[in-house]
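Q: generate coordinates for the sequence data below:
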Amino acid sequence: MAMIRVRLSIEVRSLRAAAEPHALALFYARLLGADAQAGHEPDLVEVVGGAGVHLAIRKDHGYAPPSWPRPEDSQQAHLRILVDSADLDEAEREAVSLGAVPVDSDAGDGPREVRVFSDPAGHSFSIAAASWSV
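A: Take a look at the predicted model:
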């Protein structure tokens with residue numbers, strides 16, 4: 001499998017909660033070509049890699065997946081992974097093969113510069129062309 005080439009200009013630090021932090025850390029480590037390692041606390045796993053990737057995943061014993069995008073629910077962090085435009089389709093296939101679930105069904109006309117998914121624990125994230133902006 002090809003690793004997603006992540007292009008980040010700043011360090012990303014994010015914390016996710018999950019019932020199974022090791023499994024979720026492995027998902028992101030494989031997706032980003034990073035390493036999953038034990039955190040400084042027993043219920044914490046960190047994903048660390050080049051290009052400024054640093055994602056911490058904490059075990060939440062009462063975890064319930066977020067039901068994004070419903071405005072009545074609490075706000076959740078959303079990761080946006082930037083890739084070269086030419087790699088967008090490959091990155092989408094890789095994410096799905098690792099367990100991501102596409103959540104945007106409105107493909108519209110023509111190519112999509114942003115693809116939205118939920119990770120295996122239900123958190124949203126997107127893969128976008130590096131040229132895309134909000």
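
Q: now Gly99: closest residue in space that isn't a chain neighbour?
A: Excluding its sequence neighbours, the residue lying closest to Gly99 (C-beta to C-beta, 6 or more residues apart in numbering) is Pro120, at 4.5 Å. Where you see a C-beta, it was placed from the backbone N, CA and C, and this is true even at glycine.

Q: quick check: the one you found vs Ser126, distance?
A: Plainly put, Pro120 is 16 Å away from Ser126 if you go by C-beta to C-beta, to the nearest Å.

Q: can you check Lys59 too?
A: 25 Å.

Q: before we move on, the earlier item: any idea which element the residue nearest to Gly99 lies in?
A: Counting by DSSP states H and E, no helix or strand carries Pro120.

Q: please tell me how far it sits from Leu82.
A: Taking C-beta to C-beta as the measure, Pro120 and Leu82 are separated by 21 Å.

Q: swap in His61?
A: Taken as C-beta to C-beta, the span from His61 to Leu82 is 33 Å.

Q: those two: which is more packed in?
A: Neighbours were tallied for His61 and for Leu82 using other C-beta atoms under 10 Å; the higher tally belongs to Leu82 (19 against 7).

Q: what's around the nearest residue to Ser85 once chain neighbours are set aside, how many residues?
A: Ranked by C-beta to C-beta, 6+ apart and with sequence neighbours excluded, the top spatial neighbour of Ser85 is Ala129, at 4.2 Å. Ala129: 19 surrounding residues under other C-beta under 10 Å.

Q: bridge partners for Ala129, pull those for me.
A: Following DSSP bridges, Ala129 is listed with bridge partners Val83.

Q: could you do Leu79 as well?
A: Assigned bridge partners for Leu79, using DSSP bridges, are Phe125.
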